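*Asks:* below are the sequence and a predicted model; questions follow.
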Amino acid sequence: MRNKPACTVFPICLALTTTSVFSAMEDDPLLYMLKADQLEARDTDDGTITAWEGHLWIGRDLNKLWIKTEGERSDEGTESSEFQLLYSRAVDANWDLQVGLRHDADPDPERNWAVIGFNGVSPYWFEIDSALFIEEDGQENLRFEAEYEFMLTQKWVLSPEIEVNWFSEDDDELGIGSGLAEIEAGLRLRYEIRREFAPYVGVNYERLLGDTEDIAEAAGEDTSETQLVAGLRFWF
Amino acid sequence: MFYKKCRNTAATSSNDLFPTRTTTDLSRRRFLQGVAAGGALMTSGLGYSPMARSSYQQPQALSGNHFSLSFDYKKVNFTGKDRIATAINGSVPGPILRWKQGERVTLDVTNNMAVDSSIHWHGMILPSAMDGVPNISDNFNGIKPGETFRYEFDVNQSGTYWYHSHSGFQEQTGAYGAIIIDPIEPFYISYEREHVIVLSDWSDEDPENIYAKLKKMSHYYNTRERTTGDLWNEIQENGLSQTWNDRGMWNDMRMSDRDISDVTGYTYTYLMNGNTPADNWTGLFKKGERLRLRIINASAMTLFDVRIPGLKMTVVEADGQNVESVTVDEFRIGVAETYDVLVTPEYDMAYSIFAQAIDRSGYAVGRLTSDPALHAEVPQMDYAPILTHGDMGMGGMDHSKMDHSNMSAEMMAMMMGGGIEHAETEYGAHIDMLAENPQYRLDDPGVGLRDNGRTVLTYADLHNLDPTPDPRDPEREIELHLNGNMRRYMWSINGIKFADAEPLMMKYGERLRITLVNDTMMNHPMHLHGVWSDLETGDDKFIPRKHTVIVQPGSKISYRVTADALGSWAYHCHLQYHMPGMFRRVVIA
């Protein structure tokens, strides 16, 4: 887990979130939230891999500092890992504008990006996380993520989600072709033991597209994969 | 310790106006019988053991004109887990304070806790310096740990009031109690006995945690969210296109029609005089007696719907002020409101005093009984209310086709124009909806109570017993909008939260109208300190005087204020977790 070091921040947060003694409580205390949207094992053709996606924010109602991370690990080591450090500002009742930096530690070579994105809830209750990433040498990555929650009961939640990645240029070192490069779709069924703690099972589908698909095909790699997943979603 | 066991209650409590020796004896005898009859009671479906049924506690009553009160940390256990309460004189609720109209009272309040504290005498008309709101009341900055503050003021009014801490979230953790002021003139209807009934909500969670959770996930405590099954049923009943249209507005606005209470029975245990439903607080009567029940909602967040199945209730006082008697089956009591009702049980039996939370996620219950051995049937809770298009007078998602004239909105779409203007400060990330055409809904008992087959009190039923003391027409009007963003859990007035707001200025002696517009989907019980809120219910000659007024979702309501109290005052939503933002300082000069 690469987001472990963030835990050291919590005692500091707790110390800062002091109770003010006033006629009214402080309306806008400094809060933090750590959320693992996905922390899961994926059953792949090459054995079981671990995947994670989560974030930590610290801040107040309208202004927050966000750290986002996602990645995958197999027996051979970390296959992909990405970290974003973002300033998040509420710009609408339901939307936050997020700007900052993204660092891809894996795979090799590393990549660094500037980030501008929107995070929020669209009409009809889609949770959206979308961003434009601009790399040092001009590469652009447009990413769109949407998630929906079907409340089957007050405890069982079925959650489809989709992620699409588009690149402006080829990146030969990483086997990325320009244009639509990848689509990932998931369907996860979770049981909320508490709001904060929900194990889940599901299925995850990944498929390469366009030039990126061609590059993978030429290298003799799979271009699509369907995986069974089991994991834990939690926050505090 | 100020708690008394049930069998001592009648002998020691001055809560009963006419305690009788026979009651004590009866109580003792029945207590023993109750043990013997345990088996039978256990199978009666109530599930309370006879021991538990006798374990209710009764706050101590203190009377006179000099009182010593103290704040202490106190171990309590309402749920099976020990927790620490911020107790006044060692009990939750604190003692009942019994004063006499026309006397001067002195109250020495000592803070034995590690944080600042204060007591606000809710509904009392007194000098600002005695009002007990730290950093708002004149020359009052709270009671520091280890210090004693002397409150001293004349009691010019009579009726049922209450007191609570105005510091931090101490009210949520037990710092509240009843005030009863006996009038100089006898009450306008005679009665034989009275009981004080303090309703409240207790959580084992720290209030700071509750607040933080609401900020992180505002629907955290809602265990009655819409499910796919609900949607499926609607499609079955109404067809796909109708359902699509019906759902449209909610989906557009990203709001839930199941959003009734921010904090629910998921974390709350609802208390009656500090007793859980299992403890079953008990008030005694003798058949044929007329009882006066003084009901106080000392909750942090819970509006209650109160009824006593089998008894009609005659409302005789609202917020401590005598009103023309009106007989009902049920009434909604907002946080911080008080109602006094008269009931006359004609039979030797037990009646449940049933106070269900507005979202039906739980209830407080106690009983009135002629005999402690009798058990009272506890009614089923009503269905959880759902905000519907009927509530909103809206046909579908297409707002342009909406018939504005019929729009008595539970909430309104965010649109320009219509019947109301919104300030620039009401637009932004901190606000998720604005009422387009808010209506007066004085005769609306509120969501969950409409057409329930019972006679339910509404504000339109309230007429002051005495003529309106200040018959002047208002010289000017202030319109205040109550704003919020449910998801971000931000609350404000006119889009400006307390921390950023200028004080609201009133001219000493002026008569003005305050119109409150609720731009949110929640009820807001608004409490103006220092002066009365003369609620405009249509009867100008007998305007009911209130200290706390529920502003229903998407509605408007107005009251007149005579600014006859110099100084600095608090004005806020009395829901504990709305209050930090939805708060104003009022300066009368």
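*Replies:* Thanks, I have the structure now. Treat the numbers as computed from the prediction; the structure is a model and nothing was measured. Residues are numbered from 1 along each chain as shown, chains lettered A, B, ... in the order given.
*Asks:* just give me the residue closest to the centre of chain A.
*Replies:* A:Glu53 (4.4 Å; Cα atoms, centre = their mean).
*Asks:* what's the helix or strand for that residue?
*Replies:* strand A:47-59 (DSSP states H and E).
*Asks:* OK, contacts around the residue nearest to the centre of chain A?
*Replies:* Neighbouring residues of A:Glu53 by Cβ atoms under 8 Å, 6 or more residues apart in numbering or on different chains: A:36-38, A:69-70. The way it works is simple: take the backbone N, C-alpha and C, and place the C-beta from them, glycine included.
*Asks:* list the beta-bridge partners for it.
*Replies:* Beta-bridge partners of A:Glu53, counted by DSSP bridges, are A:Gln38, A:Glu70.
*Asks:* any chance you could read off phi and psi for B:Gln236?
*Replies:* Per-residue torsions, B:Gln236: phi -60, psi -40 (degrees, to the nearest 10).
*Asks:* from A:Gly175, how far out is the closest residue to chain A within the stretch 51-200 of chain B?
*Replies:* Closest residue of the stretch 51-200 of chain B to chain A, Cβ to the nearest Cβ: B:Asp116 (4.0 Å). As judged by Cβ to Cβ, to the nearest Å, B:Asp116 and A:Gly175 stand 63 Å apart.
*Asks:* ok, these two, which is more surrounded?
*Replies:* Legend: neighbour count by other Cβ atoms under 10 Å in any protein chain shown for B:Asp116 and A:Gly175, higher for B:Asp116 (23 against 17).
*Asks:* residue contacts, the more buried one?
*Replies:* Going by Cβ under 8 Å, 6+ apart, B:Asp116 touches A:21, B:134, B:141-145, B:167-168.
*Asks:* from those residues, which would you call buried?
*Replies:* Of the members of the contacts of B:Asp116, the ones counted as buried by neighbours, 16 or more other Cβ atoms under 10 Å in any protein chain shown, are A:21, B:134, B:142-143, B:167-168.
*Asks:* low-confidence ranges, the stretch 1-150 of chain B, go.
*Replies:* Along the stretch 1-150 of chain B, the model assigns pLDDT under 70 to residues B:1-54.
*Asks:* would you mind measuring from A:Glu147 to A:Phe126?
*Replies:* 7 Å.
*Asks:* please identify the buried residues of stretch B:67-82?
*Replies:* B:67, B:69-72, B:74, B:76, B:78.
*Asks:* and the contacts of A:Glu53 as CSV, adding pLDDT and neighbour count?
*Replies:* Conversion of the contacts of A:Glu53 to CSV gives the following (pLDDT from 0 to 100; neighbours: other Cβ atoms under 10 Å in any protein chain shown):
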residue, pLDDT, neighbour count
A:Ala36, 98, 20
A:Asp37, 97, 21
A:Gln38, 97, 20
A:Thr69, 98, 20
A:Glu70, 97, 19
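*Asks:* would you list those in a markdown table and tack on distance to B:Glu477?
*Replies:* Formatted as a markdown table, the contacts of A:Glu53 follow (distance: Cβ to Cβ, whole Å):
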| residue | distance to B:Glu477 |
| --- | --- |
| A:Ala36 | 52 |
| A:Asp37 | 50 |
| A:Gln38 | 54 |
| A:Thr69 | 54 |
| A:Glu70 | 55 |
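*Asks:* before we move on, the earlier item: narrow the buried ones among the contacts of B:Asp116 to those in strands?
*Replies:* The members of the buried ones among the contacts of B:Asp116 all map outside strands under DSSP state E.
*Asks:* determine which two of these are furthest apart.
*Replies:* B:Ile143 and B:Gly168 (12.3 Å; Cβ to Cβ).
*Asks:* helices of the chain, start to end?
*Replies:* No chain in the question, so chain A it is. Along chain A, counting by DSSP state H, helices occupy A:10-16, A:210-218.
*Asks:* nope, chain B
*Replies:* Taking DSSP H as the test, the helices found in chain B are B:6-12, B:21-36, B:38-42, B:50-53, B:207-216, B:228-238, B:240-253, B:389-392.
*Asks:* surely A:Glu149 meets A:Glu161?
*Replies:* No: between A:Glu149 and A:Glu161 there is no contact under Cβ atoms under 8 Å: 9.5 Å.
*Asks:* right, I'll leave it there.
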